[in-house]
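Participant: for reference, the sequence and a predicted model appear below.
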There are 2 protein chains.
Amino acid sequence: MTKKLEEKTIQTTNIFNGKVVNLQVDEVTLPNGKTSKREIIKHPGAVAIIALTEENKIVFVEQYRKPLEKSLVEIPAGKLEEGEKPEVTALRELEEETGYTTDQLELVTSFYSSPGFADELLYIYFTDKLKPVEEAKSLDEDEFVELMELTLEEAEALMAEQKIHDAKTVYALMYLKQLLKK
Amino acid sequence: MTKKLEEKTIQTTNIFNGKVVNLQVDEVTLPNGKTSKREIIKHPGAVAIIALTEENKIVFVEQYRKPLEKSLVEIPAGKLEEGEKPEVTALRELEEETGYTTDQLELVTSFYSSPGFADELLYIYFTDKLKPVEEAKSLDEDEFVELMELTLEEAEALMAEQKIHDAKTVYALMYLKQLLKK
């Protein structure tokens, strides 16, 4: 790291501890010696799965997103439980949200969603080896999703009308466009 | 929208109003009639700019990211001021962070960074028509960045070592890989 950019913590104030996020405000020393405050969202991290059926259809879930007051169509995803390895979360979320499972999950990439204010790290997996789960898994009790399987063209149409409109799913479509046109 | 997924607000509790984010907790009615709570980060939205020099080098800034306690190399970006149009923010941030300006900014895409808990919408612009600003613009007083211009190959090497590791910049490299190999 370029040491001269570092911002040392003078004091951390915990503001909120929630089910999904915690919020803290750090008072920091800036590189020029002055002080400032940084608002920081702590998040456990998450996974998302790019899943292709035998017919090259992409598996999506539609889900209400309260922060936006509308539903989006997204690739299956979910938060890490404490101490859980991302590939375990990925398999669990795939099974719970889609009714599919797989023996083969490949890590495609990972990225911080919004590093200016949050520490959420998102891992993106890929599989084209889906099979039905033998015993249906239940969703979290406050989770309601609609399963959809779409061609890349159908998904691109949903992106054009901003029904697909989140970072991981926009990334997934660009990834699949390269993959499926090879 | 699929109406049956909707979560109606029973009550909103404001927890925190900051410089960058606000936090509220909404008590909601779920599709099955039960109630739950949603933690919601309100963010003004942001822009990012994929900027290519005449030599096809990509313009980056390295910046300390307090939530991660390390610096990342990212494409230039910044938050919307209240009431500001995204293309105005994009030009301002390009000028402040890089010392370049342009007459030609093209909207590439937009996406919600993390719609499960935040309403931040990020607009991504592209330009390959850079020219130096005539009069240097100053950064925000708590903002410290290091300018870098890298080839796509150099940037991909930084991504492999996770020095480039955020959603917008990972997206940008995939976009440029397609563009520059045409």
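Facilitator: Alright, I've got the coordinates.

Participant: please count neighbours and contacts with C-alpha atoms only from this point.
Facilitator: Fine.

Participant: run a quick neighbour tally on the nearest residue to residue A:156 once chain neighbours are set aside.
Facilitator: Among residues not flanking residue A:156 along the chain, residue A:173 sits closest, at 7.5 Å (CA to CA, 6 or more residues apart in numbering or on different chains). Around residue A:173 there are 20 other residues, counting by other CA atoms under 10 Å in any protein chain shown.

Participant: quick one: list the elements packing against whichever strand in chain A runs longest.
Facilitator: The longest strand of chain A (DSSP state E) is strand A:8-17. Packing partners of strand A:8-17 (3 or more CA pairs under 8 Å, 6 or more residues apart in numbering or on different chains; DSSP states H and E): strand A:22-29.

Participant: each with direction, which strands does the strand it packs on pair with?
Facilitator: strand A:8-17 (antiparallel), strand A:35-42 (antiparallel) (DSSP bridges).

Participant: next one: that strand to chain centre, how far?
Facilitator: 24 Å (CA atoms, centre = their mean, to the nearest Å).

Participant: look up how far residue B:169 lies from residue A:112.
Facilitator: Distance check for residue A:112 against residue B:169: by CA to CA, to the nearest Å, it reads 10 Å.

Participant: which stretches of chain A form helices?
Facilitator: A:86-98, A:152-160, A:167-180 (DSSP state H).

Participant: hmm, residue A:43 is touching residue A:115, no?
Facilitator: No. Using CA atoms under 8 Å, residue A:43 is not in contact with residue A:115; the gap is 11.4 Å.

Participant: who has more neighbours, those two?
Facilitator: Comparing residue A:43 with residue A:115 by other CA under 10 Å, the one with more neighbours is residue A:115, at 23 against 19.

Participant: got a list of what the more buried one touches?
Facilitator: When contacts are counted by CA atoms under 8 Å, 6 or more residues apart in numbering or on different chains, residue A:115 touches B:65, B:67-68, B:166.

Participant: quick check: the gap between it and residue A:39.
Facilitator: Counting by CA to CA, the gap from residue A:115 to residue A:39 is 11 Å.

Participant: same question, residue A:97
Facilitator: Counting by CA to CA - residue A:97 and residue A:39 are separated by 32 Å.

Participant: about what we covered before: who's in contact with the longest strand of chain A?
Facilitator: Taking contacts as CA under 8 Å, 6+ apart, the residues outside strand A:8-17 that touch it are A:22-30, B:15-16.

Participant: cool, stretch A:97-105 as well?
Facilitator: Stretch A:97-105 has contacts (CA under 8 Å, 6+ apart) with A:59, A:61, A:76, A:87, A:91, A:94-95, A:125-127, A:129-133, A:136-137, A:139, A:145, A:147.

Participant: can you do 6 Å?
Facilitator: A:95, A:126-127, A:129-133 (CA atoms under 6 Å, 6 or more residues apart in numbering or on different chains).

Participant: from those, which land in strands?
Facilitator: A:126-127, A:130-132.

Participant: closest to chain B out of those?
Facilitator: residue A:126 (16.3 Å; CA to the nearest CA).

Participant: so what's the predicted local confidence for residue A:136?
Facilitator: pLDDT, residue A:136: 78.

Participant: count the residues that sit near it.
Facilitator: By other CA under 10 Å, neighbour count at residue A:136 equals 13.

Participant: that one and residue A:149, how far apart?
Facilitator: Separation of residue A:136 from residue A:149 (CA to CA) stands at 18 Å.

Participant: nearest residue to residue A:18 in space, ignoring adjacent ones along the chain?
Facilitator: residue B:39 (7.2 Å).

Participant: highest neighbour count among the contacts of stretch A:97-105?
Facilitator: residue A:95 (23 neighbours).

Participant: next up, the contacts around that residue.
Facilitator: Contacts of residue A:95 (CA under 6 Å, 6+ apart): residue A:101.

Participant: how close does it get to chain B?
Facilitator: Computed as CA to the nearest CA, to the nearest Å, the residue A:95 to chain B distance reads 19 Å.

Participant: likewise for residue A:146?
Facilitator: 8 Å.

Participant: hmm, back to that, make TSV out of the contacts of strand A:8-17 and add neighbour count, pLDDT and distance to residue A:155.
Facilitator: Shown next, in TSV, are these (neighbours: other CA atoms under 10 Å in any protein chain shown; pLDDT from 0 to 100; distance: CA to CA, whole Å):
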residue	neighbour count	pLDDT	distance to residue A:155
A:22	17	98	34
A:23	23	98	35
A:24	17	98	38
A:25	16	98	39
A:26	21	98	41
A:27	18	98	44
A:28	20	98	44
A:29	18	97	46
A:30	21	96	44
B:15	14	98	37
B:16	13	98	37
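
Participant: biggest separation within the residues you listed, which pair?
Facilitator: A:30 and B:15 (26.9 Å; CA to CA).

Participant: run a quick check on residue A:43 versus residue A:118, I expect a contact.
Facilitator: No. Using CA atoms under 6 Å, residue A:43 makes no contact with residue A:118, being 7.1 Å away.

Participant: can you report how many residues lie near residue A:104?
Facilitator: Residue A:104 - counted by other CA under 10 Å - has 12 other residues nearby.

Participant: in chain A, what residue sits furthest out from the centroid?
Facilitator: residue A:33 (36.3 Å; CA atoms, centre = their mean).

Participant: enumerate every residue touching that residue.
Facilitator: Residue A:33 sits in contact with no residue, where contact means CA under 6 Å, 6+ apart.

Participant: which residues sit in contact with the nearest residue to residue A:163 once chain neighbours are set aside?
Facilitator: Excluding the flanking residues, the one nearest residue A:163 by CA to CA, 6+ apart is residue A:72, at 5.4 Å. By CA under 6 Å, 6+ apart, residue A:72 lies in contact with A:62-63, A:163-164.
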